[in-house]
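J.: Dropping a prediction and its sequence here:
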Amino acid sequence: MTRTDERRAKRRRGEQAMVPEARFTSYYGMPVLNRPVWKALDIAGYLFLGGLAGGSSLLAAGAHATGRRALARAAKTGAFGAISLSLAALVHDLGRPARFLNMLRVAKPTSPMSVGSWLLACYGPLAGAAAATEATGRFPRLGALATAGAAVLGPAVTTYTAVLLSDTAVPSWHEGHREMPFLFAGSGAAAAAGLALICAPAPPARRMGVLGAAAELGAARVMKKRMGLASEPLEKGAAGRLMRASEILTATGAVLAALSGAAGSRAMPMTISMAMPRAMPMTISTAMPRAIATAAGAALLGGSAALRFGVFHAGVASAQDPVYTVVPQRERLEQGRGFSAAAHG
Amino acid sequence: MAETGERPRVGFFTDTSVCIGCKACEVACKEWNAIPEDGLVLTGMSYDNTQGLGADTWRHVAFIEQRKPVEAPVDVFEAAARADAGSELRWLMASDVCKHCTHAACLDVCPTGALFRTEFGTVVVQEDICNGCGYCIPACPYGVIDQRKGDGRAWKCTMCYDRLGVGMEPACAKACPTDSIQFGPLDELRERAASRVEDLHDAGVTEARLYGADPDDGVGGAGAFFLLLDEPEVYGLPPDPVATTRDLPSMWRRAAVAAAALAAGVAACFVRDGRAR
Ligand code: SF4
Ligand code: SF4
């Protein structure tokens, strides 16, 4: 009796239709990899909040430099709040939270988590100082320095998490390693702009929302195309639903962000003004832009969060099904691109 | 480290062609290392109720039942083939273990330094330093290391670090009645394995092959390698494992470019109208 699990793996090449099926063998269908033990709420939440914080620090520095007080205050407070929460999530996820300080025992460039810990250890206090000086109005010079410092480290806080996920054997995380930093950069920008649109809508936040959303949507497409079979978990099940929700929310958020600007100022983006029915701007009252901005912000935040959870769950799903580990490796060997000797005895 | 000359790197050569599936290695490992019970379940997967490597399973004996004719009367097959000449069923048994990779992804990504390379060239977790971050688990391309429930830390085979320290061989190798598990200096084991494959080929077992013995593979060669009688994936092993840290420099570069693009993009959002009106 053949008890070895032989299944047919559907392969996909980007957007094309199914290509010939590959035979694939596994040990009773058991996964090759051990399931990541990270908790979704903690780690996907950590990815989202880190992006929100990093993007907010950039927005804060821009607002600070151009004298937009309300925007600066919202962004600085948002950055510090988000990074504090993300740190709490990270510590909560440790098997031994009491040993969090062991993270700073060594500095290891080969460990994205070590690099990230040091990054957070530097960025957190800067974001805190920026928020505190902004709130109290004291030590403005120190505040300006902290704001600038947080803006320098913020982008790294936003994109390093992509390396954190990609530097694993998990197929749907590793195969996205080329595009994921850009995906997370776009997603972080969209989230930060989203928070700002809710708290202190201003033209730069609107533009950042549109730009970030476009980057997020574009990078997600390119990434999925280049991932081969490992893109499948991003389209199936819970992860697939999250990814679709993210796409809809992010696109909606971008359109609403652009509309909120169009309704409130003369600086209406060309493309949006052409796309809109001519009578529409007239019907929007003066109170409307704020409501639209709030809706845009909520959609962008929701889209960014859904993306992180979607990517997280897709990775876990890809680790639990041996097809995503075995088939691409087998293909690599058969095409002579493998590392191991493919020779049969 | 020894002052006079390097200590030779040691390893395991697991010759699955002589494994009889007795699980003495599993038991000896648990006994010696005082590993907690790992679940008492009946899986229905042949004689394998252990299922795979994990925090509480550092040796795992796989049982594969195949409807494939036994091709050559060698070793244990000889008797089996004679006793049941018409049978098409064959059993493959293999004792899996941590590969103690030359380029160990678990060790690379460990942020605390809990995972380290010993003077024997093996990879070991220091349980007093591990903070349970769990990063090593998805990093391992073989699904070896795992988190112990209720403890939170990561655990795996130490190649009996304590025994090696006093010149003894690991418990599993000591307990194996057929010498399927062989312990020794890695160079010696590789030579012995190569000649064993040759012997098997000469005897007509053409499907015999080494797995993890090649220093140029994706993990730089395994410190624990195997002689298999079928494709690795049949045994639940990845056919072409890679330590993903080999791509890390390019990943950092891309993250840096993305970070710079993010900063430039946000700056561009402000230049349009300069200072607030
Ligand atoms: S097999 Fe896995 S746990 Fe063992 S050394 Fe290699 S990467 Fe680490
Ligand atoms: S769980 Fe422990 S051994 Fe594994 S990477 Fe984290 S600190 Fe290192």
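T.: Done, it's in. Residues are numbered from 1 along each chain as shown, chains lettered A, B, ... in the order given. Ligands and ions are numbered 1, 2, ... in the order given.
J.: list the buried ones in stretch A:73-80?
T.: Neighbour-count burial for stretch A:73-80, counted by 16 or more other Cβ atoms under 10 Å in any protein chain shown, picks out A:73-80. No exception for glycine: its C-beta is placed from N, CA and C like everyone else's.
J.: surely A:G128 meets A:F80?
T.: Yes - assessed by Cβ atoms under 8 Å, A:G128 is found in contact with A:F80 at 5.3 Å.
J.: where's A:V326 relative to B:D230, distance?
T.: 13 Å (Cβ to Cβ, to the nearest Å).
J.: Comparing these two, which residue is more hemmed in?
T.: The residue with more neighbours, out of A:V326 and B:D230, is A:V326; 27 against 21, by other Cβ atoms under 10 Å in any protein chain shown.
J.: What is the helix or strand that the more buried one is a member of packed up against?
T.: Under the criterion of DSSP states H and E, A:V326 resides in helix A:322-334. Counting contacts by 3 or more Cβ pairs under 8 Å, 6 or more residues apart in numbering or on different chains; DSSP states H and E, helix A:322-334 is packed against strand A:5-11, strand A:19-26, helix A:171-174.
J.: which of those has the lowest average pLDDT?
T.: For the helices and strands packed on helix A:322-334, mean pLDDT drops lowest on strand A:5-11, to a mean of 43.
J.: Strands of the stretch 51-200 of chain B, start to end?
T.: Applying DSSP state E, counting those that start in this stretch to the stretch 51-200 of chain B gives strands spanning B:59-67, B:89-97, B:115-117, B:123-125, B:146-147, B:154-155, B:181-185.
J.: for those strands, which one sits closest to A:K225?
T.: The minimum distance between A:K225 and these falls on strand B:146-147, with 33.2 Å, by Cβ to Cβ.
J.: ok, now which ones touch the one residue in the stretch 151-277 of chain B that gets nearest to chain A?
T.: Nearest to chain A, among the residues of the stretch 151-277 of chain B, is B:G152, at 2.3 Å (Cβ to the nearest Cβ). Listed by Cβ atoms under 8 Å, 6 or more residues apart in numbering or on different chains, the contact partners of B:G152 are A:94-96, B:132.
J.: ok, now A:R99?
T.: A:R99 touches B:112, B:130-132, counting by Cβ under 8 Å, 6+ apart.
J.: mind redoing it with 6 Å?
T.: B:N131 (Cβ atoms under 6 Å, 6 or more residues apart in numbering or on different chains).
J.: where does it fall, helix, sheet strand or coil?
T.: helix (DSSP: H, G, I helix; E, B strand; the rest coil).
J.: how close does it get to ligand 1?
T.: Note on A:R99: its distance to ligand 1, by Cβ to the nearest ligand atom, to the nearest Å, is 20 Å.
J.: If I look at that residue, what pLDDT would I see?
T.: For A:R99, pLDDT reads 88.
J.: Would you mind giving the strands of the stretch 51-200 of chain B as JSON lines with distance to ligand 2, mean pLDDT and mean neighbour count added?
T.: Compiled in JSON lines, those are given as follows (distance: least, Cβ to the nearest ligand atom, whole Å; pLDDT from 0 to 100; neighbours: other Cβ atoms under 10 Å in any protein chain shown):
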{"stretch": "strand B:59-67", "distance to ligand 2": "20", "mean pLDDT": "93", "mean neighbour count": "21"}
{"stretch": "strand B:89-97", "distance to ligand 2": "18", "mean pLDDT": "94", "mean neighbour count": "22"}
{"stretch": "strand B:115-117", "distance to ligand 2": "5", "mean pLDDT": "98", "mean neighbour count": "18"}
{"stretch": "strand B:123-125", "distance to ligand 2": "5", "mean pLDDT": "98", "mean neighbour count": "22"}
{"stretch": "strand B:146-147", "distance to ligand 2": "7", "mean pLDDT": "98", "mean neighbour count": "23"}
{"stretch": "strand B:154-155", "distance to ligand 2": "4", "mean pLDDT": "98", "mean neighbour count": "24"}
{"stretch": "strand B:181-185", "distance to ligand 2": "24", "mean pLDDT": "98", "mean neighbour count": "20"}
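J.: could you dump the ones you listed to TSV with distance to ligand 1?
T.: Converted to TSV, those look like this (distance: least, Cβ to the nearest ligand atom, whole Å):
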stretch	distance to ligand 1
strand B:59-67	12
strand B:89-97	8
strand B:115-117	7
strand B:123-125	4
strand B:146-147	9
strand B:154-155	9
strand B:181-185	16
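J.: for whichever residue of the stretch 51-200 of chain A sits closest to ligand 1, what are its contacts?
T.: Using Cβ to the nearest ligand atom, the closest approach of the stretch 51-200 of chain A to ligand 1 is made by A:A169 at 8.4 Å. The contact partners of A:A169, taken as Cβ under 6 Å, 6+ apart, are A:33, B:141.
J.: still on that earlier bit, now distance to B:D108 too, for the strands of the stretch 51-200 of chain B, in a markdown table please.
T.: Putting the strands of the stretch 51-200 of chain B into a markdown table (distance: least, Cβ to Cβ, whole Å) gives the following:
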| stretch | distance to B:D108 |
| --- | --- |
| strand B:59-67 | 24 |
| strand B:89-97 | 20 |
| strand B:115-117 | 9 |
| strand B:123-125 | 10 |
| strand B:146-147 | 18 |
| strand B:154-155 | 14 |
| strand B:181-185 | 25 |
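J.: Of these, which is nearest A:A107?
T.: Proximity to A:A107 (Cβ to Cβ) singles out strand B:115-117 among those, at 15.3 Å.
J.: Can that closest one be said to contact chain A?
T.: No - on the criterion Cβ under 6 Å from any Cβ of the partner chain, strand B:115-117 is out of touch with chain A, staying 9.8 Å away.
J.: So what touches that strand?
T.: B:106-107, B:125.
J.: Please apply the same query to stretch B:106-113.
T.: Contacts of stretch B:106-113 with the rest of the structure, by Cβ under 6 Å, 6+ apart, involve A:102-103, A:105-106, A:110-111, A:113-114, B:115, B:123, B:129, B:131, B:135-136, B:139-140, B:145, B:245.
J.: hey, C-alpha coordinates of it in CSV?
T.: Provided in CSV are the C-alpha atoms of stretch B:106-113 (Å, rounded to 0.1, in the frame of the first residue of the first chain):
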residue,chain,number,x,y,z
CYS,B,106,18.9,29.4,13.2
LEU,B,107,22.2,30.6,14.5
ASP,B,108,22.5,33.5,12.1
VAL,B,109,19.1,34.9,13.0
CYS,B,110,19.2,34.4,16.8
PRO,B,111,19.2,37.9,18.2
THR,B,112,20.4,37.0,21.7
GLY,B,113,23.4,34.9,20.8
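J.: just to revisit the earlier point, of the contacts of stretch B:106-113, which belong to helices?
T.: If you go by DSSP state H, those have A:113-114, B:136, B:139 in helices.
J.: which one of those is nearest A:A239?
T.: When the ones in helices among the contacts of stretch B:106-113 are compared for distance to A:A239 (Cβ to Cβ), B:A139 wins out at 20.6 Å.
J.: And that closest one, how far from A:P36?
T.: Note on B:A139: its distance to A:P36, by Cβ to Cβ, is 10 Å.
J.: More neighbours: those two, which one.
T.: B:A139 (29 against 23).
J.: Tell me how far that one lies from ligand 2.
T.: Distance from B:A139 to ligand 2, by Cβ to the nearest ligand atom: 8 Å.
J.: Repeat that for B:L210.
T.: 29 Å.
J.: can I see the domain layout of the chain?
T.: Defaulting to chain A. For chain A, automatic domain parsing gives the domain ranges A:38-167, A:171-345.
J.: please go with chain B instead
T.: B:3-243, B:247-277.
J.: right, so the ones you listed: which one is the most enclosed?
T.: domain B:3-243 (a mean of 20; mean count of other Cβ atoms under 10 Å in any protein chain shown).
J.: Any idea how far that one is from the middle of the chain?
T.: 5 Å (Cα atoms, centre = their mean, to the nearest Å).
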